[in-house]
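Make a model of this:
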Amino acid sequence: MIRKIIYRLLHKRHHWRLASFDEIAELYLSRLMTMFALNLVNMFAGIYLYKLGYSIIYIGIFYSLLYLLRSIMLVASAYYIARFGPKHSTLMAAILQMLSFAAFAMVETYGLWAIIAFGVMQKIAGALYDMAYMTDFSKVKHPEHVGKELGVMQMLEKLGKLIAPFIGGLVASLFSIQITIIVASLSFLLAAMPLLRTAEPIRLGEKISYKSIKWKRWLPSMLSYSALGYAYEAGTLTWGLFLTLVVFSESGQGIYAIIGVLSSLSILLSMYIARTFGKLVDRKKGRELLTFGAIGNNISFILRAFVDSALSVVLLKILVELSASASRMSIKRVVLDIADSSGQRLPYLSLVFIASAIGSGLACLVMVLSVWLLGPVNGIKIAFIIASFYQLLLLASRRYKFI
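As a prediction, this is how the structure comes out:
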């Protein structure tokens, strides 16, 4: 049913690609369901571990080690996708995500071992899925309408993020986070199904090599993607812990619903903005969008340190969503163009995602060091200030003339 709705809504808007609309539509649907499943749990995972009694320093070190694992698995994922294709890799990633969430549901019973199993399987699954999704999208996108298709994809991602925090937070607060995990696990499996209706977009058994890496051309985009990774982790794990400690410290179990509802409200505006930004990308305004996104991210992280009420959280999230959408869409356009012209699609994409993982890992380590030196509240505030300066690396991709 959801596939039919997406087809009816978007088919007329994709008149330039009538022959292959099924492929992009199935990718749209799969992305929507995957974002829904991921955000059902990931937004609350750090908070859940903190509520169970694990310290912020412990959580930060644990996540930083997981990002080291992700970096390694991204290279392995490139070889796996070359052998089996991105669509079958998405199915394997969904199965691993289901197993990781099953382990997370048993954290209260099995403690540390369940946490390790959850983290390891999730990072392996995440590495495989991200590589598979980006490879698939880079092959089926239309070269002259990348911005518009990125805009549609961004809108569907936002829709998944809009629904998931509200439903996930409500279910976790009314019942338990374990029930939320069950719903998320089933959603992952359903998300992989649409992609299996069509053939793999790449030649299977392709050989890849990391011997001729074009550092001079690739490095600026990798630096920008590192900033995106840093923003993601500082904006989810660190931000969620800060809200739990400072803004909603007396909310108890209701913290899941509060954060879920606030996150959902701010995403509504960004869904409309994503479509507008997509058009700007196609009009070669990516450099301006990137500058806006970098400055917006810089300011928003500074402002996070001064948030002290639910209203300020909502207002700040509007700026966060606007600047994040601008920076992500312009940089993804850069990455897709380089992937197409590089002749080394999988090695390049894996290095870009490794840069993102390094950024996320650094965000965790900065939080750990700041909290260790200054205490939880002041330490996280300083971590936000440091994150604001790191976001200026987004501007590294301004050197590419084709955006």
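
how many neighbours does Ala310 have?
Neighbour count for Ala310, taken as other Cβ atoms under 10 Å: 14. In short, each C-beta sits where N, CA and C put it, glycine included.

before we move on, what about Gly53?
The burial count for Gly53: 7, using other Cβ under 10 Å.

Give me the below-cutoff pLDDT ranges for the stretch 201-350 of the chain.
201, 248-272, 274-275, 278-279, 281-283 (pLDDT under 70).

now with 80?
Applying pLDDT under 80 to the stretch 201-350 of the chain flags the ranges 201-206, 247-286, 309-311, 314-315, 318, 342.

List the buried residues for the helix or strand that contains Glu321?
Secondary structure assignment for Glu321, by DSSP states H and E: helix 310-342. By neighbour count on 16 or more other Cβ atoms under 10 Å, the buried set for helix 310-342 is 313, 316-318, 320-339, 342.

what's near enough to touch the residue nearest to the spatial centre of the chain?
Closest to where the C-alpha atoms of the chain average out (Cα atoms, centre = their mean) is Tyr232, at 6.8 Å. For Tyr232, the contact set (Cβ atoms under 8 Å, 6 or more residues apart in numbering) comprises 356, 359-360.

and what of Arg217?
Here Arg217 is in contact with 338, 342 (Cβ under 8 Å, 6+ apart).

try 10 Å
338, 341-342, 348, 399-400 (Cβ atoms under 10 Å, 6 or more residues apart in numbering).

Ok, Gly379 next?
For Gly379, the contact set (Cβ under 10 Å, 6+ apart) comprises 56-57, 60, 238, 242, 366-373.

can you check Leu241 too?
Neighbour list for Leu241: 46-47, 49-50, 56, 59-60, 367, 371, 376, 380, 383 [criterion: Cβ under 10 Å, 6+ apart].

Could you measure from Leu369 over to Lys381?
Noted for Leu369: a distance of 14 Å to Lys381, by Cβ to Cβ, to the nearest Å.

and what of Leu346?
With distances taken as Cβ to Cβ, Leu346 is found 40 Å from Lys381.

quick one: which of the two has more around it?
Leu346 (25 against 18).

from what I can see the more buried one touches Gly85, true?
No - using Cβ atoms under 10 Å, Leu346 is not in contact with Gly85, being 11.3 Å away.

Can you tell me how far Ala357 is from Leu322?
With distances taken as Cβ to Cβ, Ala357 is found 25 Å from Leu322.

again with Gly293
To Leu322, Gly293 is 8 Å away according to Cβ to Cβ.

hey, what's in contact with both of those two?
The contact sets of Gly293 and Leu322 overlap at Phe277 (Cβ under 10 Å, 6+ apart).

what's the nearest residue to Ser226 if we skip its chain neighbours?
Among residues not flanking Ser226 along the chain, Gly359 sits closest, at 3.7 Å (Cβ to Cβ, 6 or more residues apart in numbering).

C-alpha coordinates for the host helix or strand of Val183, CSV please?
Assigned by DSSP H and E, Val183 belongs to helix 177-192. The C-alpha trace of helix 177-192 is given here as CSV (Å, rounded to 0.1, in the frame of the first residue of the first chain):
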residue,chain,number,x,y,z
ILE,A,177,11.6,0.1,25.2
GLN,A,178,11.6,-3.7,24.5
ILE,A,179,8.3,-3.4,22.7
THR,A,180,9.7,-0.5,20.6
ILE,A,181,12.7,-2.7,19.7
ILE,A,182,10.4,-5.5,18.4
VAL,A,183,8.5,-3.0,16.1
ALA,A,184,11.9,-1.7,14.8
SER,A,185,13.2,-5.1,14.1
LEU,A,186,10.2,-6.1,12.0
SER,A,187,10.5,-2.7,10.1
PHE,A,188,14.0,-3.5,9.1
LEU,A,189,13.1,-6.7,7.4
LEU,A,190,10.1,-5.1,5.6
ALA,A,191,12.4,-2.2,4.5
ALA,A,192,14.7,-4.7,2.5
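
what ranges do the strands span in the stretch 101-250 of the chain?
Assigned by DSSP state E, counting those that start in this stretch, the strands in the stretch 101-250 of the chain number zero.

could you pull out the helices for it?
107-110, 112-140, 146-174, 177-192, 215-233, 239-242 (DSSP state H, counting those that start in this stretch).

re the thing from before, with respect to Val75, which of the contacts of Leu241 is nearest?
Distance to Val75, by Cβ to Cβ, is smallest for Gly60 among these, at 24.7 Å.

and that closest one, what does it touch?
Counting by Cβ under 10 Å, 6+ apart, Gly60 touches 46, 233, 237-238, 241, 361, 363-372, 379, 383.

So which of the helices of the stretch 101-250 of the chain is nearest Leu68?
Across the helices of the stretch 101-250 of the chain, Leu68 has its closest neighbour in helix 112-140 (9.1 Å, Cβ to Cβ).

Next, the angle helix 310-342 makes with the helix or strand hosting Ile299.
Ile299 is located in helix 286-304, with elements delineated by DSSP H and E. In terms of direction (axes from the mean of the first three to the mean of the last three Cα atoms, to 10 degrees), helix 286-304 departs from helix 310-342 by 150 degrees.

what angle do helix 286-304 and helix 215-233 make?
Using the same axes, to 10 degrees: helix 286-304 against helix 215-233 is 40 degrees.

elements contacting helix 286-304?
For helix 286-304, the elements it packs on are helix 146-174, helix 215-233, helix 239-242, helix 255-282, helix 310-342, helix 376-390, judged by 3 or more Cβ pairs under 10 Å, 6 or more residues apart in numbering; DSSP states H and E.

Look up how far Gln391 lies from the residue nearest to the centre of the chain.
In this structure, Tyr232 and Gln391 are 11 Å apart, going by Cβ to Cβ.

So what does Tyr54 have for phi and psi?
Dihedral pair for Tyr54: phi -80, psi 140, per degrees, to the nearest 10.

wait, doesn't it sit right on Tyr63?
No - using Cβ under 10 Å, Tyr54 makes no contact with Tyr63, being 11.2 Å away.

more neighbours, the two?
Set Tyr54 next to Tyr63 and count neighbours by other Cβ under 10 Å: Tyr63 wins out with 24 against 17.

follow-up on the earlier one: rebuild the helices and strands packed on helix 286-304 as a markdown table, extending it with distance to Tyr133.
What follows is those, written out as a markdown table (distance: least, Cβ to Cβ, whole Å):
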| stretch | distance to Tyr133 |
| --- | --- |
| helix 146-174 | 10 |
| helix 215-233 | 15 |
| helix 239-242 | 24 |
| helix 255-282 | 17 |
| helix 310-342 | 11 |
| helix 376-390 | 25 |
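
Okay then, goodbye and thanks.
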